[in-house]
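Engineer: Have a look at this fold, sequence not included:
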């Protein structure tokens, strides 16, 4: 059994805690959070130790792996602390607070031996998105030419969260940037149209919606449609168009029911409400891949370099939205 | 151009008039109806002659083919009148008012040379039902084992119509009996549960809904769900289950739109409202098949014998609904 | 925590074991199976005690509730043993090996005080089927008039299983009979057409497919389509037609992907493969309902009487399939 | 009956000829085409007069309205010739060969009295797209915020056509620009990523695929995905996302069949093959709107100004694709 500690007892930390607790090859041994009784409360549910200081996690010799779900500005510090203590790391996105810090982290990790470090773009482990990739890799749709991603959250987070989120592109679109890279490979050009549609977020100065185009180095292109508020639920869709066909992903609903009345037919439930439901299987599969990387030496995906690349795109999207120009990505 | 006359200027007569008028290989030359100005009114739309007496149609040497859409009790007389005058006939279902008369008609037609006689089970010419049959015939689903037919009208006809309709099984289910035979072949056993669900039809003494099982001579079985009133529209569906797969047919809507709101997702238009819309292509294709049978000698389908077979099943269904027993079909 | 023992460590026993182990309000304390090391093997996974003799389960004062998943001929004995020891019971279907024994069990249970006894028709707890019932109960489709159930297993069990299964109607259709009763209420008439489609099961003398009609005492009717082998997976569908609308349930797939090529569009995964996947949520919800009945005194559904009623229908279906007549159900 | 002449006997001319011939309020009186026997051949089908010189159409006092389907460089000349002769005009897109010429045409038409001039963006008359607009106008989805348009042709035209087509944006995307304006209103900013994916078109120097973002003056944004070749057929989809819901449009297929096998389920026909099938109803409705504008003085939509606006966007998209910058649209 892999002994796992979680740093950060917030929403995403609780998701991971449950994934770890119910995983046949992992056990949750510690939860760390400096805020009030957050660590104790979550740890108590699973019979784990509670820490307030991340240093105690790193010093704990009964911890094999750390899931870093702390606030973004602490990611780099926590990744380095854990790896230097010989622990494997699964770090939430974004990998660091900005491109410079992310690149520095990636460079620093290259200077010493350490267990696997994986970045939490869980969509790569969603059965549908993974299934689409498998169809592509099997040549079922020929060469990928165009990708259409729609990702809209059910409702906006509070303005207080948005204010410290790093902005729409780094906080929300970054998942779509990694998803686009999953199908297009490296990106060389980005253009973004940002929007402010929600009065309650206007004072944050941040965009709450955007449409973005990406061009891959291999000539493929992708569009991304993001919005912080979709009344029908968590709208997560994908189309991959190739030279010999296409594959598209629809939303999940809680039931397979269709209601037919005089005024309409085929009416279904709203989309599943949010990422905890929609990506429940993805989080489980992600954890399995993380364990396999640690135990069996299976290749890590996505890597810290993938995390850096997504952050570079996010930064470029921000520049494009501000300047009204397409931004080229170097390197 | 095939010169066509229509006997019966009612609802189905008008459907055929438009099909004939817009068909590139046919022209409508006469309309016959004894009621008021019905023939004149319909004939005027298409510049055709108007007759009150069917004998005048049979005597008209400028008529090559007759579509018989008169009341059921006159079908046999009109089919014989037309064929004896050397005209081809497309006769609406049911082919005659009862099994005895239908069998007599079939026998009589065997005693003299005449152009093709086809029975108006238009569903055999619907692109979806025909497409399902083509998939079956191509072996795509292996051996047919079970068939599920759902056929529900949008709203019940007036009690006055029901009273003279011959009853649910001969008037409505007969299309489903032919559709079942299209996939199962000859039927050897029938059982029916009739229902009275509509207060406005209760005094007719007729069923307004039914569920029916059919067993083919080859061991396949089919279920039929009929109802005179479906608030969502004209509900016409089919499933054919085989040893190596299945094929199912959904309803048509007027648009391909889906509406998504906070309370629901994927809501579509109601089903298309009735047979004129739903089977518009089927009526056109049926006419083409009729013309091809006349002009090119293509095989006739469905034949008068098919019409007799469907009527035999309808009669057996009526007996079963009355007796509570499965009824075997001889011959 | 409710302390649960499972009698029968076969396929269904393992399903329940996992449901119990992962349920927040229950804990698995014992597994009982007389065959080889079956009990020990399953008990070891969850750290439970292993018994070979059901009497030991009944005598175990650390057991609050018993899930009876033993062979059908032992159901009645195990239900009585457990209840007489003051334990609650969730018994798998069918509730007893025949109608007489089931009625005797129901009568015997009425003679003494005991905790709740629930019958394992888990479909009543499936989110989609339960959701359809909720829509019906909320009046969304008006009065129920017709129900269409399609239930086809992915592949037939071995002939050895079929030989002792009690036959298609008691072994497989019985779930559909309970589902029909869920929507129609008490049934007064049954007619069934049995089929033998699978050569490998021919020697069992049992039907491997059937179409069945049921009529409720309130005049509603239902059709059931059963087959032991559906190559596309576990085909579980339902339509409920009412006076003001209808609700239908589609199959689940493992992903929401659609593949589009030159020859076809919208191609999806096969249906989920079998009941463990398809009804995973139903088994969890069923267990919750069982616990709520024990702990909070919530009403039991389905009851032993429901189990008897389904068995009565199964017996009548068998008689009908043999005699070719509709069979009336008394009482 | 409105007497209609058609200039241009090519593919789109034949579409209009059939629409006119089968329209109850219109009759085709003349066809004009300078190439070989094109005019005679098409005219003969409908019993119309054949002209080689457009001037003869303008001089023909038996012509009430002209449908201009000539090559794009002749559009402006033919529109002016017809209107100066007092004839109504339905002109195909693009309204002129470039923005300057289109603006000059629009200005010239403002200097004299003439019957209605309508531009042939037939999608505004498609039941689904029109239905989506009606839902939006009825407030069903709140304020429009984002629009996603996917429009992919089944197969590329020959290189010879592409060479004189005016380029992807003016030839193909222009329909999407008008569709976007239908939902977003006036556009103020455009950015386009062009692609060359088809070897057979590489020498034309034109893009054969593109992804485009548009920003409306009201802050809404739209993405367009275009491709000259989609192996599954004519892929025409639309999503309109609003503050209170969304509406999406799926493709049409020729049947409603779904095929289920061991390897897949729900497989449907490919998308309908091309615009003649897909937009058949749209062309009919467009003609009706044109006739209503002439006969009843109903408002014209889309106007020549709409045609100019779409062309302005197309030109801006071309500039953006060449420069890599978002292009602002003045005025």
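Structural biologist: Cool, the structure landed. Note that the coordinates shown come from a computational prediction; the quantities given were computed from them, not determined experimentally.
Engineer: Now the element after the helix or strand bottoming out on mean pLDDT in chain A, going C-ward?
Structural biologist: Taking mean pLDDT, DSSP states H and E as the measure, chain A has helix A:275-278 as its least confident helix or strand, at a mean of 84. Downstream of helix A:275-278, the first helix or strand assigned by DSSP states H and E is helix A:280-296.
Engineer: In that following helix, which residues are buried?
Structural biologist: Buried residues in helix A:280-296, counting neighbours by 16 or more other Cβ atoms under 10 Å in any protein chain shown, are found at A:280-291, A:293-294. Just so you know, the C-beta spots here come from the backbone N, C-alpha and C atoms, and that holds for glycine as well.
Engineer: same thing with stretch A:213-223?
Structural biologist: A:213, A:214, A:215, A:216, A:219, A:220, A:221, A:222, A:223.
Engineer: next one: stretch A:8-16
Structural biologist: A:8, A:9, A:12, A:13, A:14, A:15, A:16.
Engineer: Now name the helix or strand holding the third one.
Structural biologist: Under DSSP H and E, the secondary-structure element containing residue A:12 is helix A:11-21.
Engineer: And for chain A, the residue most distant from the center?
Structural biologist: Farthest-out residue of chain A from its mean C-alpha position, per Cα atoms, centre = their mean: residue A:262, at 42.3 Å.
Engineer: Return the per-residue confidence for the residue nearest to the spatial centre of chain A.
Structural biologist: With distances taken as Cα atoms, centre = their mean, the residue of chain A nearest its centroid is residue A:121 (3.4 Å). Residue-level confidence at residue A:121 comes out at 96, pLDDT.
Engineer: Of all the residues in the stretch 1-150 of chain A, which one is nearest chain D?
Structural biologist: Nearest residue of the stretch 1-150 of chain A to chain D: residue A:145, at 5.2 Å (Cβ to the nearest Cβ).
Engineer: quick one: secondary structure of that residue?
Structural biologist: strand (DSSP: H, G, I helix; E, B strand; the rest coil).
Engineer: show me what contacts it?
Structural biologist: By Cβ atoms under 8 Å, 6 or more residues apart in numbering or on different chains, residue A:145 lies in contact with A:220, A:221, A:241, A:242, A:243, D:195, D:197, D:209, D:227.
Engineer: can you do 6 Å?
Structural biologist: Applying Cβ atoms under 6 Å, 6 or more residues apart in numbering or on different chains, we find residue A:145 in contact with A:220, A:241, A:242, D:197.
Engineer: Looking at the residues you listed, which is nearest residue A:71?
Structural biologist: Within the set of those, residue A:220 lies nearest residue A:71; the separation is 34.5 Å, counting by Cβ to Cβ.
Engineer: Relative to chain B, how far out is that closest one?
Structural biologist: With distances defined as Cβ to the nearest Cβ, to the nearest Å, the gap from residue A:220 to chain B amounts to 28 Å.
Engineer: list the contacts for that residue?
Structural biologist: Residue A:220 sits in contact with A:144, A:145, A:184, where contact means Cβ under 6 Å, 6+ apart.
Engineer: dump the residue contacts of residue A:282.
Structural biologist: Residue A:282 makes contact with A:122, A:125, A:126, according to Cβ under 6 Å, 6+ apart.
Engineer: List the residues that contact residue A:319.
Structural biologist: Taking Cβ under 6 Å, 6+ apart as the definition of contact, the neighbours of residue A:319 are residue A:327.
Engineer: Quick check: which element contains it?
Structural biologist: Under the assignment given by DSSP H and E, the secondary-structure element containing residue A:319 is helix A:304-323.
Engineer: next one: that helix to chain centre, how far?
Structural biologist: Between the centre of helix A:304-323 and the centre of its chain there are 14 Å (Cα atoms, centre = their mean, to the nearest Å).
Engineer: and what of stretch A:81-90?
Structural biologist: A distance of 20 Å separates the C-alpha centroid of stretch A:81-90 from that of its chain, computed with Cα atoms, centre = their mean.
Engineer: what's in contact with that stretch?
Structural biologist: Contacts to stretch A:81-90, defined as Cβ under 6 Å, 6+ apart, come from residues A:58, A:63, A:65-67, A:79, A:114-118, A:120, A:290, A:294.
Engineer: how close does residue A:124 sit to residue A:302?
Structural biologist: Taking Cβ to Cβ, to the nearest Å as the criterion, residue A:124 is separated from residue A:302 by 6 Å.
Engineer: err, residue A:214, not the other one
Structural biologist: In terms of Cβ to Cβ, residue A:214 sits 16 Å off from residue A:302.
Engineer: what does residue A:77 give?
Structural biologist: 20 Å.
Engineer: swap in residue A:56?
Structural biologist: Distance of residue A:56 to residue A:302, given as Cβ to Cβ: 28 Å.
Engineer: again with residue A:40
Structural biologist: 32 Å.
Engineer: In the stretch 1-150 of chain A, which residue sits nearest chain B?
Structural biologist: Of the residues in the stretch 1-150 of chain A, the one nearest chain B is residue A:150, at a distance of 11.8 Å by Cβ to the nearest Cβ.
Engineer: quick one: what helix or strand has that residue in it?
Structural biologist: Residue A:150 is part of strand A:144-152, with elements assigned from DSSP H and E.
Engineer: Check residue A:118 too.
Structural biologist: Short version: residue A:118 belongs to strand A:117-119, going by DSSP H and E.
Engineer: Centre of the chain to that strand, how far?
Structural biologist: 11 Å.
Engineer: Buried ones in the following helix or strand past it, by neighbour count?
Structural biologist: Proceeding C-terminally, strand A:117-119 gives way to helix A:127-137 as the next helix or strand, assigned by DSSP H and E. Neighbour-count burial for helix A:127-137, counted by 16+ other Cβ under 10 Å, picks out A:127, A:128, A:129, A:130, A:131, A:132, A:133, A:135, A:136.
Engineer: give me the subset of those residues touching chain C.
Structural biologist: Cross-checking the buried residues of helix A:127-137 against chain C (Cβ under 6 Å from any Cβ of the partner chain) gives A:127, A:128, A:131, A:132 as the overlapping residues.
Engineer: circling back: nearest to residue D:49, of the contacts of stretch A:81-90?
Structural biologist: Taking the contacts of stretch A:81-90 together and measuring to residue D:49 by Cβ to Cβ, the closest member is residue A:120, at 72.4 Å.
Engineer: Contacts only, for the closest one.
Structural biologist: Residue A:120 makes contact with A:90, A:92, A:93 under the criterion Cβ under 6 Å, 6+ apart.
Engineer: and the second one, how far is that from residue A:317?
Structural biologist: In this view, residue A:92 and residue A:317 are 20 Å apart by Cβ to Cβ.
Engineer: Which one of those two is surrounded by more residues?
Structural biologist: When neighbours are counted by other Cβ atoms under 10 Å in any protein chain shown, residue A:92 and residue A:317 differ, and residue A:317 comes out ahead with 31 against 23.
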